[in-house]
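Give me the fold of what follows.
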Amino acid sequence: MAVLTLPAPARTNVVTDVGHVWWRETLTILRDPFSLIFSLLQPLVFLGLFGPLLSGLAGNGELFGGSSLQWFLPGVVVMITMFGTSMTGSTLQFEIMTGAFERILATPLSRSALMIGRALKELTPLVVQAAIITLVAIPFGFVLYPLHVLVGLLILGVFGVGVGALSYALAIAARKSEWIFWAVQQALLFPLLILSGMMLPLETGPGWMQVVSKFNPLTYIVDAERVLFAGSFGDVTILRGLVAALVTAAIGLWVGIRSIRRATL
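All right, here's what the predicted structure looks like:
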């Protein structure tokens, strides 16, 4: 008697899977472009209000090593990245509640692609936002170095994948209590931003704050972005930022994949 065998689900490579997940998630932005427009308001407010304050503090420019806007704009771009990627898990929590997450896990999609694709979806609006904010800042004295900015965005992309994966893992861990996700996300996000020197130079802060900032990977990302946005490639700060981004991505993906595997047991 012939034995009927069912074909195994076709598997695709990780790159293809990432593309499918990214496109699926990006469609939500295309269906609701007003969310992208609204998300532009916050960084523009930061530029509009903090910019004049920093100009007053800058004096002859020694505090910021040059133009205060050239110094502050990269921090705003990093802030957009952190806000977007750290909230990746919020969409996952909704899918867990509706049962969509379980259906996705039943597909042959790579588990790492689920996290990378979602994080890239959060980074996609970043490119648009960064371009608009940069163009707005040019008439006020910001000098644009396109190639340097592109490299800076690539480093942010690697870092954002790691942050997005960690957010993904947090959402899975807090899937039974949604408030835990937001409590942890908010408790970590703002200290990390402040201790990175995103808004004000850490050199003006107390000694303990400068010491703690050395253990904050975001500090090295912000420093690298500022060097790149200033038009330099020959500073070791860029290498430190790249290492911080790669380590964050590796840890995030490792933690995220383990979380998904545990959730499916």
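
got a pLDDT number for residue 245?
pLDDT for residue 245: 95.

Could you count how many residues lie near it?
Per other CB atoms under 10 Å, the neighbour tally for residue 245 reads 24. (Glycine included, C-beta is placed from N, CA and C.)

so it is in which element?
Assigned by DSSP states H and E, residue 245 belongs to helix 236-263.

where does residue 143 fall, helix, sheet strand or coil?
coil (DSSP: H, G, I helix; E, B strand; the rest coil).

So, low pLDDT: which residues of the stretch 151-265 of the chain?
263-265 (pLDDT under 70).

would you list every one of the helices in it?
Assigned by DSSP state H, counting those that start in this stretch, the stretch 151-265 of the chain shows helices spanning 178-194, 207-213, 217-229, 236-263.

so the helix holding residue 245 versus helix 217-229, what angle?
Here the directions of helix 236-263 and helix 217-229 differ by 140 degrees (axes from the mean of the first three to the mean of the last three CA atoms, to 10 degrees).

can you pull the buried residues of helix 236-263?
Residues 237-238, 240-242, 244-245, 248-249, 252-253, 255-257, 259-260 are the ones in helix 236-263 that count as buried (16 or more other CB atoms under 10 Å).

what about residue 94, how many residues close to it?
There are 13 residues near residue 94, going by other CB under 10 Å.

residues in contact with it?
Residues near residue 94 by CB atoms under 8 Å, 6 or more residues apart in numbering: none.

Check the gap between it and residue 87 for me.
To residue 87, residue 94 is 12 Å away according to CB to CB, to the nearest Å.

ok, now residue 99?
Noted for residue 99: a distance of 21 Å to residue 87, by CB to CB.

Also residue 229?
The gap separating residue 229 from residue 87 is 24 Å, by CB to CB.

Just want to know which of those two has more residues nearby.
For the pair residue 229 and residue 87, the greater number of neighbours falls to residue 229 (23 against 18), based on other CB under 10 Å.

How about that one: what's its closest non-neighbour residue?
Residue nearest to residue 229 in three dimensions, not counting chain neighbours: residue 74, with 4.3 Å by CB to CB, 6 or more residues apart in numbering.

contacting residues around that neighbour?
152, 222, 225, 226, 228, 229.

Also residue 112?
So residue 112 contacts 14, 253, 256, 257 (CB under 8 Å, 6+ apart).

quick one on the thing from earlier: using JSON lines, lay out the helices of the stretch 151-265 of the chain together with distance to residue 20.
Shown next, in JSON lines, are those (distance: least, CB to CB, whole Å):
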{"stretch": "helix 178-194", "distance to residue 20": "25"}
{"stretch": "helix 207-213", "distance to residue 20": "39"}
{"stretch": "helix 217-229", "distance to residue 20": "28"}
{"stretch": "helix 236-263", "distance to residue 20": "17"}
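
Which of those sits closest to residue 43?
Minimum separation from residue 43 across the helices of the stretch 151-265 of the chain (CB to CB) falls at helix 178-194, 12.8 Å.

Just the CA atoms of the closest one, as CSV, please.
This file holds the C-alpha atoms of helix 178-194, laid out as CSV (Å, rounded to 0.1, in the frame of the first residue of the first chain):
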residue,chain,number,x,y,z
GLU,A,178,0.4,44.9,29.0
TRP,A,179,1.2,47.6,31.5
ILE,A,180,4.5,45.9,32.4
PHE,A,181,5.8,46.5,28.9
TRP,A,182,5.1,50.2,29.0
ALA,A,183,6.5,50.6,32.5
VAL,A,184,9.8,48.9,31.7
GLN,A,185,10.1,50.7,28.3
GLN,A,186,9.5,54.1,29.8
ALA,A,187,11.7,53.4,32.8
LEU,A,188,14.7,52.5,30.6
LEU,A,189,14.2,54.8,27.6
PHE,A,190,14.5,58.3,29.1
PRO,A,191,17.5,57.5,31.4
LEU,A,192,19.3,56.0,28.4
LEU,A,193,18.6,59.1,26.3
ILE,A,194,19.6,61.5,29.0
